[in-house]
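>>> Provided below are the primary sequence and the corresponding predicted coordinates.
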Amino acid sequence: SLLGLHAATFKPDVTCGYTSYRQSACKDILQRIKYAYENLPSFLKSPVVLYNQSEVRFTNGSTMFVQVTSSQIFRGRSFGDGSMAVFDEYAHVDLETAEAAYEAAMPALEGGGSTGTSKAIIISTPNGTGSNKYAQIAFGAMEGSNGWFYHKVDPTRIPNRDEAWRKKTIRTYGEARFRQEFMGEFISSKPLLISSMVVEAIKTEEPKYATDDLRIFVDDFNNRTIAVGVDVGEGVGLDSSTFQIIDLDTLEQLAEYENNVFNQNMFTRDLLSTLKMLKKRGCGDIFLGVEKNGVGQGVLRLLESSDDPIMDEITMINDVDKNGISTGRKGLTTTNRSKIEACGLFKELVESGKLKLKSVNLLNQLRLFMQQGVTFKAEKGGHDDLVSSFLVIMMMMPQLANYEDSVDQAIHDLNENIDDETWGIIF
């Protein structure tokens, strides 16, 4: 409110539009604007020509108005340079209306083209992880992929919100509601693979090095023993081809790759180039697993026929039978059972804190990765390619336990502390 009032007071022909999900909230916003205006010193007050329940218009041509969020929001309004639109409690607008409102508002705000200075601000308490436009925009902003900038106000800086207040509030509302409503976390009530309270507690890290496709989270690869899990997508703008890299001693995420444009040849080239780069940086043993779905078999054939010397320095992890004997088939086959088992291991390693995740892109996919029928996959409209390549590493783990004591110990510890369960999924 104050930001808009400042712009409208000191700049001519500025439009400041505010929208919220219900009429009472709109009235409250305008009441705050009027309160601030009425308490300005007289020499700062711009004369008004309109002062009603939905709009304040000044003699300098600037205007401030409120509208309930709808499919026609801001249509017919002119947002010139210095103007702004504020979307209040956008997570609580139903998805269809929010999508339509976004499509209606953005052309008005983009009127100034590449040199325009109008702004859009979205403010909201989270409302779960999926099925709302706010979560989609927020997750994209966290990744830096959609042109928005994410800023979370630190709720602990509010006076008197001390430990005694926190404990009392949790007793009253429950921890999940407290973390969403008071701490601004994206808490879901849906059957996610990884508890959303665990996901929100994970502290992501900025990559130490990044290209358009590859993100590396550590500076040093010297003497690290790594596992690389590969999930191959269709490319050409559809599902992404991805790989994840973890340290088998520390069980920390080291790097990840995703690209939804490259064909199999281009993706294989990038995979080999990355593996060579890691070797040059002192990496030790490399274990590689590739899911052999339809397009995955193409990448496996390219790797088998490659004359790149790096292939001689890599141990491929392939299918074995129930007795641990090689089937002779290259790659890793994903069945419903093997996927559920991989999901179970992934869940336990993450929720126990043994597996250390660092990527905000991965966490955003986990916010939408849930049980659907007898499997786990992304909620409609979401993606799970980065999760899928991590599940390939989980499928590798039983064999890696034969090579690495750290993996064997991690799995042993989990088996001692968990029950034999699959969260109600029955085969």
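Arrived safely, thanks for sending.
>>> Output the below-cut-off pLDDT ranges for this protein.
112, 236-237, 415-427 (pLDDT under 70).
>>> What ranges does it have for its helices?
Using DSSP state H, the helices assigned to the chain run over residues 2-10, 23-38, 95-109, 133-143, 163-173, 175-181, 196-201, 264-280, 294-305, 336-351, 360-366, 385-400, 405-417.
>>> Buried ones in the last one, by neighbour count?
Across helix 405-417, burial judged by 16 or more other C-beta atoms under 10 Å covers Ser406, Val407, Ala410, Ile411. (Glycine included, C-beta is placed from N, CA and C.)
>>> Ok, the longest one next?
When neighbours are counted by 16+ other C-beta under 10 Å, the buried residues of helix 264-280 are found to be Gln264, Phe267, Thr268, Asp270, Leu271, Leu272, Thr274, Leu275, Leu278, Lys279.
>>> quick one, what contacts the second one?
The one in question is Phe267. Phe267 makes contact with Val232, Gly235, Ser241, Asn259, Val299, according to C-beta atoms under 8 Å, 6 or more residues apart in numbering.
>>> Nearest to Ile246 among the helices of the chain would be which one?
helix 385-400 (6.1 Å; C-beta to C-beta).
>>> Give me the angle between the closest one and helix 405-417.
Taking axes from the mean of the first three to the mean of the last three C-alpha atoms, to 10 degrees, one finds helix 385-400 and helix 405-417 inclined to each other by 100 degrees.
>>> what angle separates helix 385-400 from helix 294-305?
Helix 385-400 and helix 294-305 are oriented at 50 degrees to each other (the same axes, to 10 degrees).
>>> So what's the gap between helix 385-400 and the chain middle?
How far helix 385-400 lies from its chain's middle: 20 Å, per C-alpha atoms, centre = their mean, to the nearest Å.
>>> cool, and stretch 45-57?
From the chain centre to the centre of stretch 45-57 is a distance of 41 Å (C-alpha atoms, centre = their mean).
>>> Please apply the same query to stretch 20-30.
From the chain centre to the centre of stretch 20-30 is a distance of 30 Å (C-alpha atoms, centre = their mean).
>>> can you check stretch 151-160 too?
In terms of C-alpha atoms, centre = their mean, the centre of stretch 151-160 is found 22 Å from the chain centre.
>>> end to end, how far does that stretch reach?
From its first residue to its last, stretch 151-160 covers 22 Å (C-alpha to C-alpha, to the nearest Å).
>>> neighbouring contacts of it?
Contacts for stretch 151-160 (C-beta under 8 Å, 6+ apart): Arg161, Phe182, Met183, Gly184.
>>> Mind putting those residues into TSV with neighbour count and distance to Ala36?
TSV is the format used below for those (neighbours: other C-beta atoms under 10 Å; distance: C-beta to C-beta, whole Å):
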residue	neighbour count	distance to Ala36
Arg161	14	25
Phe182	18	26
Met183	18	28
Gly184	16	24
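>>> Excluding its own residues, what touches stretch 107-117? List them.
74-75, 77-83, 85, 118-120.
>>> cool, stretch 40-56 as well?
8-9, 26-27, 30, 33-34, 37, 57-60, 62-67.
>>> export that stretch as CSV, just CAs?
In CSV, the C-alpha atoms belonging to stretch 40-56 read as follows (Å, rounded to 0.1, in the frame of the first residue of the first chain):
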residue,chain,number,x,y,z
LEU,A,40,0.4,12.4,5.4
PRO,A,41,1.4,16.0,6.1
SER,A,42,-0.6,18.4,4.1
PHE,A,43,2.3,19.5,1.9
LEU,A,44,2.7,16.0,0.6
LYS,A,45,-0.9,15.3,-0.1
SER,A,46,-1.9,15.3,-3.8
PRO,A,47,-5.4,16.7,-4.3
VAL,A,48,-8.0,14.1,-5.1
VAL,A,49,-10.7,14.1,-7.8
LEU,A,50,-12.2,10.8,-6.8
TYR,A,51,-12.3,9.2,-3.4
ASN,A,52,-14.8,6.3,-3.2
GLN,A,53,-14.9,2.7,-1.9
SER,A,54,-13.0,1.2,-4.8
GLU,A,55,-10.7,4.0,-6.2
VAL,A,56,-8.7,7.0,-5.3
